[in-house]
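Q: sequence first, then the predicted structure:
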Amino acid sequence: MGNLLEEIQSPADIKGYSLTQLEALAGEIREKLIQTLSRTGGHLGPNLGVVELTLAMHYVFDTPADKFVFDVSHQAYIHKLLTGRVDRFDTIRQPGGLNGFMLRTESEHDAYGAGHAGTALSAALGMAVARDLRGSREHVVALAGDAAFTNGISFEALNNITDQTNRLIVVLNDNEWSIDRNVGAIARYLHKIVTNEHVSHLHGSAARLLERLGGKTAVGLVRRAEEAAKGMLWPSVFFEEFGLTYYGPLDGHNLSELIETFKFLKTQEKPVVLHAITQKGRGFQPALDKQKKFHGLGPYDAETGETKPVGQKTYSEVFADTLVKLADENEKVVGITAAMPNGTALDLFKPHHPKRYFDVGIAEEHAVIFAAGMATQGFRPFCAIYSTFLQRAFDPIVHDVCLQKLPVVFCMDRGGLSGDDGATHHGLFDISYLRGIPNIVHMVPKDEDELADMMYTAMLHDGPAAIRYPRGTGPGATVKAKPVALSIGKGEVIEDGDDIAIFGLGALLPLAEELGETLDRQGYSAAIINPRFVKPIDRELLDAYGKRVSAIVTFEDHVLMGGFGSAVMEALSELGLNVPVIRIGWPDRFIEHGKVEQLRARYGISVEAAMEKLTPYLKRSKRVKLVAR
């Protein structure tokens, strides 16, 4: 049959394929995913699970006229392969290559960009309503995983769909997983539908009848009979209570049935939901055996699925180990995550304190308010949430935690650049969105041991606290057996100096030290400071160096606008000091995906860039020295 995948330049190319060809293409796509991602890394499991679904969608619908909206969109790799990007697929998540998520600027077929869960239904509804107002007839299809329905935004959209449009197709991709296994009442409800023996028998009978009769008339007849029977079993089927006609559950890997069903759904003048059961990781046994690992990962062996062993503990693992220690000593300590137990390493805390571990699903707003409620009762909640995902809970942080001055600790994993994941996942905004809120303490550790100290400090603090730390491993500092409390608002002087003061925040302290060494070789005396606290900032330290040095340099893995450097400038202004401040950080733009070191070099997060900006003030410092002599 040849290499079908390599011949595809657009979705139109598969319209004439036979079912046999489509099934062969599905096999080629799976092999392409397994082999390519073994070199680049990426979201293997989710994409292996939606091969047939995506093929059927593109076989029946016509993008870019018809609109596909993928929730999160980490499962859109097949969509990319079918829309003219086969020849570039080897570049996925690589510098300058294809993005790992839907990206409107990448292709006209990418109708909506996303990297966070719960956005598909609202966006698709917006597109459908715009279509209705325009008077056109294109189809809008939202593909959302079952985990997306643990997110409040999905429910807000469901509440509005039938009031706003008469035509929308929602595909529920049900595989029982987000990154970890799904939790909560919605997951249990969907499982109940799938495992009910009456529905399984009914659906099997419908499928057999469909095969015998064939054609649109048969599809309509079977669907009406199936829905009537299900109505007797469940008079209040969940989605139909929201006004959407429910179809399914359907085998999400049966191409023939999917194609006929989508053809039928195209004819419906009403909002519908298709419940498809899929298998995350289908076609690659290691991905089936280790669902969490193969949700998203780095390079691996394409035959065995093995990855290179990592010896040094990540910041996430140090966080989990420390939380276990704190919980051992304090029965009020609890851990909360929003569907990210593996990513935040909170799953390592669970075996030690299962009754004090809470996974609330993809519901960051709820996680924060839930934590606030526990804090009112004397508990010390530690919310482990990525910096980029905590953005979703800004109002609860303000209204429910900080306004009431409750002792909730936000442990913000992926604080800083998140490399290959790109703009949707970079944690580059938390300093600016948190430091303007009264009552919160914001800390950034220079290494793993200081992270443990900051967690202990936050536990003892009678009010809200936030700690940001980067993805992956740190410098490898040995963590003390017992953490110590830090003086809130006090930085650490690593090395004193009189000419230039360099503040290296968190993971960028090594750049500050390197700049100090460069200046030292040129005959300048540089102070190296580990700020520790973004809020409250160490004004005493700033006052002392602001009166002594000719310039201050700040390094931060954060946007410059509203970041740590801005806080330094504000404090110096309030102190009445006019010392120049050279800020090194990320510019006022969304940063693309790529390798961290390459992106830092591209955007001037480097010692060389700092030296270039600092040079005029070094000449001034030398003149001052000569006059003093």
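A: Yep, that arrived. Keep in mind that this is a model prediction, so the values were computed, not measured.
Q: wait, residue 452 sits on residue 320?
A: No - with contact defined as Cβ atoms under 8 Å, residue 452 does not reach residue 320; the gap is 11.0 Å. (C-beta placed from N, C-alpha, C; glycine too.)
Q: with adjacent residues omitted, what lies nearest to residue 416?
A: Distances taken as Cβ to Cβ, 6 or more residues apart in numbering put residue 557 closest to residue 416, at 3.5 Å, once the chain neighbours are dropped.
Q: the one you found - how many residues pack around it?
A: Counted by other Cβ atoms under 10 Å, the residues lying close to residue 557 total 27.
Q: just the element for the closest residue to residue 486 other than its chain neighbours, please.
A: Among residues not flanking residue 486 along the chain, residue 457 sits closest, at 4.7 Å (Cβ to Cβ, 6+ apart). Counting by DSSP states H and E, the element that carries residue 457 is helix 448-460.
Q: in that helix, which residues are buried?
A: In terms of neighbour count (16 or more other Cβ atoms under 10 Å), helix 448-460 has its buried residues at 448-459.
Q: the strands in the stretch 501-629 of the chain, which residues?
A: Using DSSP state E, counting those that start in this stretch, the strands of the stretch 501-629 of the chain run over 526-530, 533-535, 551-559, 581-586.
Q: just the helices in the stretch 301-450 of the chain please.
A: Using DSSP state H, counting those that start in this stretch, the helices found in the stretch 301-450 of the chain span residues 315-329, 364-375, 387-390, 394-396, 430-434, 448-460.
Q: among these, which is nearest residue 26?
A: Among the helices of the stretch 301-450 of the chain, the nearest to residue 26 by Cβ to Cβ is helix 387-390 (32.6 Å).
Q: which residues are in contact with the closest one?
A: Applying Cβ atoms under 8 Å, 6 or more residues apart in numbering, the contact partners of helix 387-390 are 115-116, 338, 340, 364, 383, 397, 410, 412-416, 418, 424-430, 468.
Q: can you check the pLDDT for the most centrally placed residue in the chain?
A: Geometric centre of the chain, nearest residue: residue 425, 4.9 Å, by Cα atoms, centre = their mean. Listed pLDDT for residue 425 reads 93.
Q: tell me the confidence at the closest residue to it other than its chain neighbours?
A: Nearest residue to residue 425 in three dimensions, chain neighbours excluded: residue 418, at 4.2 Å (Cβ to Cβ, 6+ apart). Here, the pLDDT recorded for residue 418 equals 91.
Q: can you pull the contacts of residue 418?
A: 388, 425-427, 471.
Q: buried members of those into PyMOL, please.
A: In PyMOL, this line selects whichever of those come out buried by 16+ other Cβ under 10 Å:
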select buried, resi 388+425+426+427+471
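Q: could you chop this structure up by domain?
A: Split into domains by automatic domain parsing, the chain comes to 5-289, 315-468, 492-628.
Q: can you say which of these is packed in most?
A: Across these, averaging neighbours per residue (mean count of other Cβ atoms under 10 Å) puts domain 315-468 on top, at a mean of 22.
Q: and that one, how far apart are its ends?
A: End-to-end distance for domain 315-468: 10 Å, by Cα to Cα, to the nearest Å.
Q: if we can go back for a sec, mind checking which of the strands of the stretch 501-629 of the chain is nearest residue 245?
A: Nearest of those (Cβ to Cβ): strand 551-559, 45.3 Å.
Q: and that closest one with strand 581-586, angle?
A: Going by axes from the mean of the first three to the mean of the last three Cα atoms, to 10 degrees, strand 551-559 is angled at 20 degrees with respect to strand 581-586.
Q: what packs against strand 551-559?
A: Applying 3 or more Cβ pairs under 8 Å, 6 or more residues apart in numbering; DSSP states H and E, one finds that strand 551-559 makes contact with helix 430-434, strand 500-504, helix 509-521, helix 539-546, helix 564-574, strand 581-586, helix 607-628.
Q: list the strands paired with that strand, with their directions.
A: Neighbouring strands of strand 551-559 in its sheet, by DSSP bridges, are strand 500-504 (parallel), strand 581-586 (parallel).
Q: show residues contacting the first one.
A: Taking contacts as Cβ under 8 Å, 6+ apart, the residues outside strand 500-504 that touch it are 446, 491, 510-513, 515-516, 519, 524-531, 545-546, 548-555, 564, 568, 614, 617-618, 621.
Q: dump that strand to PDB, restricted to CA.
A: Backbone C-alpha positions of strand 500-504 (Å, rounded to 0.1, in the frame of the first residue of the first chain) are rendered in PDB as follows:
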ATOM      1  CA  ILE A 500      28.600  47.100  41.700                       C
ATOM      2  CA  ALA A 501      25.800  45.200  43.500                       C
ATOM      3  CA  ILE A 502      24.400  42.200  41.700                       C
ATOM      4  CA  PHE A 503      21.200  40.600  42.800                       C
ATOM      5  CA  GLY A 504      20.700  37.100  41.300                       C
END
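Q: and that strand, what's its mean pLDDT?
A: Mean predicted confidence for strand 500-504 is 98.
Q: how big is the angle separating that strand from strand 526-530?
A: Using the same axes, to 10 degrees, strand 500-504 lies at 20 degrees relative to strand 526-530.
Q: which residues of the stretch 51-200 of the chain score low on pLDDT?
A: Residues of the stretch 51-200 of the chain that meet the criterion pLDDT under 70 lie in 176-200.
Q: wait, I meant the chain
A: In the chain (pLDDT under 70), the answer is 1-2, 176-237, 309-310, 619-629.
Q: who touches the closest residue to residue 278 other than its chain neighbours in this structure?
A: In space, and not counting its chain neighbours, residue 278 is closest to residue 252: 3.7 Å by Cβ to Cβ, 6+ apart. Contacts here follow Cβ under 8 Å, 6+ apart; on that basis residue 252 touches 49-50, 52-53, 173-174, 258, 276-279.
Q: now do 6 Å
A: By Cβ atoms under 6 Å, 6 or more residues apart in numbering, residue 252 lies in contact with 53, 276-278.
Q: now for those: which two are most distant?
A: Spanning the widest gap among those are 53 and 277, at 10.5 Å by Cβ to Cβ.
Q: sorry, back to before: got the contacts of residue 418 as CSV, with distance to residue 405 columns?
A: Formatted as CSV, these follow (distance: Cβ to Cβ, whole Å):
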residue, distance to residue 405
388, 26
425, 31
426, 30
427, 25
471, 30
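Q: mind exporting stretch 582-598 as PDB, just the C-alpha atoms?
A: Taking C-alpha atoms only, stretch 582-598 is exported to PDB below (Å, rounded to 0.1, in the frame of the first residue of the first chain):
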ATOM      1  CA  ILE A 582      20.400  47.200  35.000                       C
ATOM      2  CA  ARG A 583      17.600  44.700  34.800                       C
ATOM      3  CA  ILE A 584      18.200  41.300  33.100                       C
ATOM      4  CA  GLY A 585      15.000  39.300  32.500                       C
ATOM      5  CA  TRP A 586      12.500  38.400  29.800                       C
ATOM      6  CA  PRO A 587      11.000  41.000  27.500                       C
ATOM      7  CA  ASP A 588       7.400  42.100  27.100                       C
ATOM      8  CA  ARG A 589       6.400  39.400  24.700                       C
ATOM      9  CA  PHE A 590       5.400  35.700  24.800                       C
ATOM     10  CA  ILE A 591       8.500  33.500  24.600                       C
ATOM     11  CA  GLU A 592       8.400  30.600  22.100                       C
ATOM     12  CA  HIS A 593       9.300  27.000  22.900                       C
ATOM     13  CA  GLY A 594      13.000  26.000  22.800                       C
ATOM     14  CA  LYS A 595      16.000  24.900  24.800                       C
ATOM     15  CA  VAL A 596      16.400  27.100  27.900                       C
ATOM     16  CA  GLU A 597      20.000  28.000  27.300                       C
ATOM     17  CA  GLN A 598      19.300  28.900  23.700                       C
END
